[in-house]
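Peer 1: any chance you can model this:
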Amino acid sequence: MGNDLKQQTKRSIVWNAFDKVGFQAIALLVGLITARCLTPNDFGLLGALAIFTALSNILVESGFTSAMVRREKNTDAEYMAVFYFNLLLSLLIYGILFFSAPFISSYFNMPELLWLSRLLFLAIVFNSVGIVQTIVLTKRMEFKVLSLSSLLSAGLAGVITVVMIYLDFGYWALAAQILMQVGFKSLFL
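Peer 2: As a prediction, this is how the structure comes out:
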């Protein structure tokens, strides 16, 4: 039993490291291409919205991931409760941000943010769908599945983003990258 746990831990560490290094390599490659083809203003638009997305994702996650991973035993009913709570909270937050988009756009004096934010904030909802699957796979120490889903989603989103940039979608390509990355990962999980 002890050797099996050691082997599983070693595999988990390797897959986790592969995920982190691979994800960063993909992000670097796509980042170099996008930085060469887009303007600082394009990146600034997404940067202005990053704080809203980051805070919203923290609120949606609400500490359930770490709490449920640490708990010895979780029931299916508890997983379902967390899933529905995360989904409903993400929809509520998305609704608030959707209707706040004109104020966000006005505050930053960037009219482009109105519809860009409304699209980009959908990533909050997409992210909430994958939280329970991440908890289950983490508890089972199935980091291979987590790593492959992360890398595959980053790769697919990166390729589509580069194509969109070359088709002159500009900052919309960056927003699409974020949405696709989160959406694909939740779908794969």
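
Peer 1: where does the prediction get shaky in this structure?
Peer 2: Scanning the chain with the threshold set as pLDDT under 70 gives 1-2.

Peer 1: other SSEs contacting the lengthiest helix in the chain?
Peer 2: What stands out as the longest helix in the chain, according to DSSP state H, is helix 2-37. Using 3 or more C-beta pairs under 8 Å, 6 or more residues apart in numbering; DSSP states H and E as the contact test, the elements touching helix 2-37 are helix 143-166, helix 171-188. Where C-beta positions appear, they are placed from N, C-alpha and C, glycine not excepted.

Peer 1: among the ones you listed, which comes closest to Gly44?
Peer 2: Nearest to Gly44, of all the helices and strands packed on helix 2-37, is helix 171-188, at 8.8 Å by C-beta to C-beta.

Peer 1: buried residues in the closest one?
Peer 2: Of all the residues in helix 171-188, those buried under the rule 16 or more other C-beta atoms under 10 Å are 171-186, 188.

Peer 1: swap in stretch 155-164?
Peer 2: 155-158, 160-162, 164.

Peer 1: neighbours of Arg11, just the number please.
Peer 2: By other C-beta atoms under 10 Å, the residues close to Arg11 number 14.

Peer 1: ok, now which ones touch it?
Peer 2: Remark: with contacts taken as C-beta atoms under 8 Å, 6 or more residues apart in numbering, Arg11 is in contact with 143-144.

Peer 1: how close does it sit to Leu189?
Peer 2: Relative to Leu189, Arg11 is positioned 19 Å away (C-beta to C-beta, to the nearest Å).

Peer 1: same question, Leu28
Peer 2: Using C-beta to C-beta, Leu28 is found at 24 Å from Leu189.

Peer 1: for stretch 120-139, C-alpha coordinates in PDB please.
Peer 2: Once side chains and other backbone atoms are set aside, the C-alpha atoms of stretch 120-139 remain, and they are given as PDB (Å, rounded to 0.1, in the frame of the first residue of the first chain):
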ATOM      1  CA  LEU A 120     -15.300  38.000 -21.600                       C
ATOM      2  CA  PHE A 121     -17.200  37.700 -18.400                       C
ATOM      3  CA  LEU A 122     -18.800  34.500 -19.800                       C
ATOM      4  CA  ALA A 123     -15.500  32.900 -18.800                       C
ATOM      5  CA  ILE A 124     -16.700  33.100 -15.200                       C
ATOM      6  CA  VAL A 125     -19.700  30.900 -15.900                       C
ATOM      7  CA  PHE A 126     -17.500  28.500 -18.000                       C
ATOM      8  CA  ASN A 127     -15.000  28.200 -15.200                       C
ATOM      9  CA  SER A 128     -17.700  27.400 -12.600                       C
ATOM     10  CA  VAL A 129     -18.800  24.400 -14.600                       C
ATOM     11  CA  GLY A 130     -15.400  22.700 -14.200                       C
ATOM     12  CA  ILE A 131     -14.800  23.200 -10.500                       C
ATOM     13  CA  VAL A 132     -16.400  20.000  -9.200                       C
ATOM     14  CA  GLN A 133     -14.600  17.900 -11.800                       C
ATOM     15  CA  THR A 134     -11.300  19.400 -10.800                       C
ATOM     16  CA  ILE A 135     -12.100  18.600  -7.100                       C
ATOM     17  CA  VAL A 136     -12.900  15.000  -7.900                       C
ATOM     18  CA  LEU A 137      -9.900  14.400 -10.100                       C
ATOM     19  CA  THR A 138      -7.600  16.100  -7.600                       C
ATOM     20  CA  LYS A 139      -8.900  13.900  -4.800                       C
END
